[in-house]
Structure formats: structure tokens, C-alpha cells
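In: Dropping the sequence and predicted coords here.
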Amino acid sequence: MKRITTFFLLFTIQFLFSQVESEITPPYNIKTVSFVQNSTNMVPIFELGSGFQFQFDDLYGNSADYFYEIVHCDYNWNPSPIPKIEYLGGIDNQRIQTVTNSFNTLQIYSHFALSIPNQYTTQIKLSGNYILRIMNESRELLFSRRFILYEDLATIPMQVKRARTIKNLTFKHNMDFSISSNTITFQNPIKNVRVSIFQNGNFNMAIKNIVPQYTMGNNLIYKYDTETQFWAGNEFLYFENKNIRFPANFIAKVDSSTDIYSTYLFPHQARANAPYTFYQDVNGNFVVLNANAENNEIEADYSWIYFTLSAPSFYQKKNVYVVGMFNNYNLGAESKMDYNEKKGVYEKAMLIKQGFTNYKYVVADSEGVIDNENSIDGNFYQTENEYTILAYYRDNTGRYDRVIGKGSAVSTNVVN
């Protein structure tokens, strides 16, 4: 009987630590979720020991009680077996203390800001993958976001090249890189070293599980032909409504007769069959900005943004979405466009905080698999993208996956 009890206990523990921590999409009332460092929205990849903030707005505007929890994960985003006391200094499961109500806005909201570290969570001790979970006053999970902490123990020089395969020469970017360290002697790098490669900080489209092609001493070389390729895509689209009452860049008109401003963008024509044209973008990011305010966090207003897309009819068999960092590239009901058969266009209205916003249109099937090859705006090797590589390492006796280095490059000077 003791053996059976022990077996089920071990099985339960293993099951609990084998559940992938997927990001939970926020409810409708939670908007403008972002990681902020030095007053700038950031892709949530930070050096271990540095501070950052997690911010969001609650459109109910009632200064509700929200609590946070930090969960350490392995390379595959499964909760790690590391006890919380080993990776956290202090405690979590505390109420978010910094709450400020909006000022002089048509859309009321409460702005929440969680600083890490803070008076309760004084330190995050280990590098690796983390999930930040936000809960309501009943300790029910509302939404969650991933973030990553890395150590500066390895160098990752990298270069963005055009695809090596003739078929995709003008459509894809390929990563050439290496990993080396003066402080870590890699043990069995084929097994113990892993990488994650990101395009424009999109965690959902990461390339993973690429092993070194060969090694030269303690230098790991990655020079693959196809395994490290991304579809290059096209420059992000954008609109700017820092002066929310007036049409500006790519805004056709503003309707102020409603309770909340309605901002209508010019209809967008699919660019897949058009020549490449350079757009100045921020690689999917966004900036909250009210040109007539001092504190953008609480004085920037919300507006209904009306998107209109004219695209080939064969996209009707799939789903079309509006995505960017402003909605965490989420393929959900709030970002899914509706096809207007009478007008022959896709349409969507989204409530977005004013400022400068990058976005793009993506096509996905019913399972949420994005069709990058048949992108609405095409794929052009001239596109300026930012690429990030993280190196993970767990030695033969290690208990968790450390992130030992970060490399980054842009495709401005892509080479053959």
C-alpha cells in the first residue's frame, strides 16, 4: 500500500511539472499589457539582476485588487521543480500596490504598475524562462505573460543572411551564429546546449531545438541551410493618433460624436504582389503617447480603431487577424477580422490606447497555424527585422535550464 501511495505521489508531482505554461489571454477589460524598462515598452528579455515593470490598464476603472505570482519554467515552458525559495528573494502572491486612475479621458481606466524587484519580491535569483501570472481577489487566474532572464556568460555573434535555398532566396532570412564562453566549459553541447531564435520578439514564432552543427573547442557553430530560416515578411504597418481628435498618419477620419473617439484608418491593399517599399517601423512595438498630456500612462485615451483590408478572395477560406505587440500577437476573437461580402473587404474595430502603434495582418487556419508563406503583405528579403538568439545550458548535474547569453542582429545589412 505504501508503494502504491508513493507511486501515485510521484506520478502526480511529475504530471504537475509537465504541464506547459501557455500564456493566458487577458479578459476584455484588461488592455495595453506591457513590460517596461527605462520608460520604454520592451520585448520581455532582461538581464538577470536588472529591474523592470509590468503594466496594464483595467477599463472597469474601479481600482480592483490584483495579485501576482512568478513561476520558474524550463526550456519548454514547463514549470521547473526548483522550489520558489531558491529562485525568488522574498515572496510573491502579493497585491499589486501601484494603481492610478485615468485623468481627463473619455474612457475611464485604472492603470496598474508592478515593479520587479519590489518590497515583497526583492530579487529573482536564477536565469531562465518565467511566467508572470495575474490573479483577481479570489486568486483566480486572469491572464499571464512570459518573460526571460539571461546571464551574460556567453557571446553569440550572429549574422543575418539571405536564404541559402534558391527557391526562397528573395523571401527568407537565415541566421548564421556561434556560441562561445570563457567561463563555462560546455559538457556534451549536443545534449546540454539549446537555443531559441526570435523574430521581432514574437515568442509564438520561435525556432527551437537546433543543435550545434559542429564544434571547435568550446566554440559551437550553427551554419544551417534551412533549419534557422524565417520568412522575411514585410515592414509593419502603423498609425499615429497622439492627437486623438485629428486625422494623422494613415488615419482617414476621426468621429468624435460618440462616447469614445472612433478612428478610421485608410483601407489597406494587400502588398504581396506589389514592389517592396520601406516603412519606418518599430518592429511590431507600440508607444503610448498623448501629445497634450504630461503623464501618458494615465492621460492617454482609448479610441476605437477601424481597420479595413482589401485582400485576394482565397483568404476567405482562412482567418485573418490584426496583430502586434499591442495585443501580444494574439489570434483571438478580439483580433479576428470579419469579411464584409457587400464591400468585399475585411473589417475589424479594436479598442487601442492612443499613440504610435505597429501592426500587421496575418492569415491562420482553424488551428491557429499562421501561413507565413502566403502572407497578405508578402515576403521580401529587404525587410528590416530584429532577430534575437538566447542560449540555454544545463550541465550534466544541473537542475534547471540557465539562459547563459543573448545575441541580436538586424537585417538592415543582410548579406548573401
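Out: Cool, the structure landed.
In: mind listing the strands in the stretch 301-416 of the chain by residue range?
Out: Here the stretch 301-416 of the chain has its strands, by DSSP state E, counting those that start in this stretch, at 302-310, 319-323, 338-340, 345-353, 355-364, 386-393, 402-410.
In: what separates the first one from the chain centre, distance-wise?
Out: The one in question is strand 302-310. Chain-centre distance of strand 302-310: 22 Å, with C-alpha atoms, centre = their mean, to the nearest Å.
In: Would you mind pulling the contact partners of it?
Out: Contacts with strand 302-310, where a contact means C-beta atoms under 8 Å, 6 or more residues apart in numbering, come from 31, 59, 105-107, 109, 239, 241, 244, 254, 258, 260-270, 320, 322, 337, 344-354, 357, 359, 361, 376. Every residue, glycine included, has its C-beta placed from N, CA and C.
In: Would you list the buried entries among these?
Out: 31, 59, 105, 107, 109, 239, 241, 244, 254, 260-265, 268, 270, 320, 322, 337, 345-346, 348, 350, 352-354, 357, 359, 361, 376 (16 or more other C-beta atoms under 10 Å).
In: give the contact list for Tyr339.
Out: 316, 320, 345-347.
In: Can I get these in a markdown table including pLDDT and distance to Glu235?
Out: Shown next, in a markdown table, are these (pLDDT from 0 to 100; distance: C-beta to C-beta, whole Å):
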| residue | pLDDT | distance to Glu235 |
| --- | --- | --- |
| Gln316 | 74 | 25 |
| Val320 | 95 | 19 |
| Val345 | 93 | 22 |
| Tyr346 | 95 | 20 |
| Glu347 | 96 | 23 |
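In: got the contact list for the most centrally placed residue in the chain?
Out: A centroid search over the chain (C-alpha atoms, centre = their mean) returns Asn202, at 4.4 Å, as the residue closest to the centre. By C-beta under 8 Å, 6+ apart, the residues touching Asn202 are 284, 329.
In: and of the strands of the stretch 301-416 of the chain, who's closest to Thr183?
Out: strand 402-410 (8.7 Å; C-beta to C-beta).
In: Parallel or antiparallel, list what pairs with the closest one.
Out: According to DSSP bridges, strand 402-410 forms sheet pairs with strand 386-393 (antiparallel).
In: For the partner strand, what is the distance to the chain centroid?
Out: With C-alpha atoms, centre = their mean as the basis, strand 386-393 stands 14 Å off its chain's centre.
In: how about that strand: buried residues?
Out: For strand 386-393, the neighbour count (16+ other C-beta under 10 Å) marks 386-393 as buried.
In: Would you mind confirming that Leu351 is in contact with Ile30?
Out: No. Using C-beta atoms under 8 Å, Leu351 is not in contact with Ile30; the gap is 11.4 Å.
In: How about Val320: what's its closest non-neighbour residue?
Out: Once flanking residues are discounted, Val320 sits nearest to Met337: 4.5 Å by C-beta to C-beta, 6 or more residues apart in numbering.
In: overlap in contacts of Leu351 and Ile30?
Out: Leu59.
In: And the strands in the stretch 51-200 of the chain, which stretches?
Out: Using DSSP E, counting those that start in this stretch, strands in the stretch 51-200 of the chain cover 52-58, 67-73, 88-90, 94-95, 98-101, 110-116, 121-124, 128-135, 141-150, 158-162, 172-180, 193-199.
In: tilt between the second one and strand 52-58?
Out: Read it as strand 67-73. For strand 67-73 against strand 52-58, the angle by axes from the mean of the first three to the mean of the last three C-alpha atoms, to 10 degrees is 130 degrees.
In: what angle separates strand 67-73 from strand 110-116?
Out: Using the same axes, to 10 degrees: strand 67-73 against strand 110-116 is 40 degrees.
In: Now do strand 67-73: which elements does it pack against?
Out: Applying 3 or more C-beta pairs under 8 Å, 6 or more residues apart in numbering; DSSP states H and E, one finds that strand 67-73 contacts strand 94-95, strand 128-135.
In: residues making contact with that strand?
Out: 21, 54, 79-80, 82, 84, 87-88, 92-96, 114, 116, 121, 124, 126, 128-137, 139, 400.
In: Mind doing that once more with 7 Å?
Out: Strand 67-73 has contacts (C-beta atoms under 7 Å, 6 or more residues apart in numbering) with 21, 79-80, 82, 87-88, 92-96, 114, 121, 126, 128-135, 139.
In: Give me the buried subset of those.
Out: Of the contacts of strand 67-73, these count as buried by 16+ other C-beta under 10 Å: 21, 79-80, 82, 87-88, 92, 96, 114, 121, 126, 128-135.
In: ok so, going back, of the strands of the stretch 301-416 of the chain, which approaches Thr228 most closely?
Out: Nearest of these to Thr228, taken as C-beta to C-beta: strand 386-393 at 9.1 Å.
In: So for the closest one, mean pLDDT?
Out: The average pLDDT within strand 386-393 is 98.
In: these two touch, right, Arg194 and Gly128?
Out: No. Using C-beta atoms under 7 Å as the test, Arg194 is too far from Gly128 to be in contact (11.7 Å).
In: Let me know the pLDDT of Phe7.
Out: On the pLDDT scale, Phe7 is placed at 46.
In: ok, which stretches of the stretch 151-300 of the chain are helices?
Out: Along the stretch 151-300 of the chain, counting by DSSP state H, counting those that start in this stretch, helices occupy 189-192, 296-299.
In: re the thing from before, of all the strands of the stretch 301-416 of the chain, which one is nearest Phe147?
Out: Using C-beta to C-beta, the nearest of those to Phe147 is strand 402-410, at 11.1 Å.
In: Need the contact partners of the closest one.
Out: Here strand 402-410 has contacts from 45, 127-128, 148-160, 177, 179, 181, 184, 384-394, using C-beta under 7 Å, 6+ apart.
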